[in-house]
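A.B. asks: Fold the following for me, if possible:
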Amino acid sequence: MNYEEITALAVKPTLKPFEAFTKIGLAPSLNGYVVIPDNLPLDYYDKIYDEIDQAPFGGLTFGGYFTEINHELASVYLDQSPFFKESEHSDEELALIEKIKAVSVRALGFDDGHIWKNEMGAVEGAEYLSKQLKKLNVSEGE
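C.D. replies: Sure thing, here's the model as predicted:
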C-alpha cells in the first residue's frame, strides 16, 4: 500500500499510552508492543531505554507506528526508519506521512521468537515492558 491508500483507509486505534498489545509478526511469532506517549523517543536504540530491564522479553526490536486499516491493527513504516531520507520524498508524500501519523499510535515492541524463546511470552512480556516504561516515564518527568 502506498501512503495515499493508507491515508484513505487508516483510522486511529483506541489504544492509550502504556497499553500493551500483541500482534503476529513477519516471522510467524507473537510479538509484544506497548503504546508510548509523545515524550518518549520512538528510536528503541535511544540511551533512555538502557535504563529498563529488557532481558525478560529479549530486548526491544521495534519502534514505529500502528494504525487501524479495515478494522485490523497494522504497523506502518513511515519516517522512523534509519534509511528514511526526507529529501527523497515529495512534499505531497511528506504531507501524507503526517496525516498517517495523526491517525496512528506510537509503539515500542519486541519479537517473541528470534533465535531463542524469551523468558516471558509476548503477552506477559508486553505487560512487563509497559510497567518498565511507566516507571521510566515517571523518572524522566521528575
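A.B. asks: low-confidence ranges in this structure?
C.D. replies: The chain contains residues with pLDDT under 70 at 27, 114-115, 139-142.
A.B. asks: what pairs with the residue nearest the centre of it across the strands?
C.D. replies: Nearest residue to the geometric centre of the chain (Cα atoms, centre = their mean): residue 107, 2.5 Å. Beta bridges link residue 107 to residue 35, residue 64 when assigned by DSSP bridges.
A.B. asks: all strands in this structure, in order from the N-terminus.
C.D. replies: Under the criterion DSSP state E, strands of the chain are mapped to 10-11, 20-24, 30-35, 62-69, 72-76, 105-111.
A.B. asks: still on that earlier bit, residue contacts, the residue nearest to the centre of the chain?
C.D. replies: For residue 107, the contacting residues are 33, 34, 35, 36, 62, 63, 64, 65, 66, by Cβ atoms under 8 Å, 6 or more residues apart in numbering. Heads up, the C-betas are built off the backbone N, CA and C, glycines and all.
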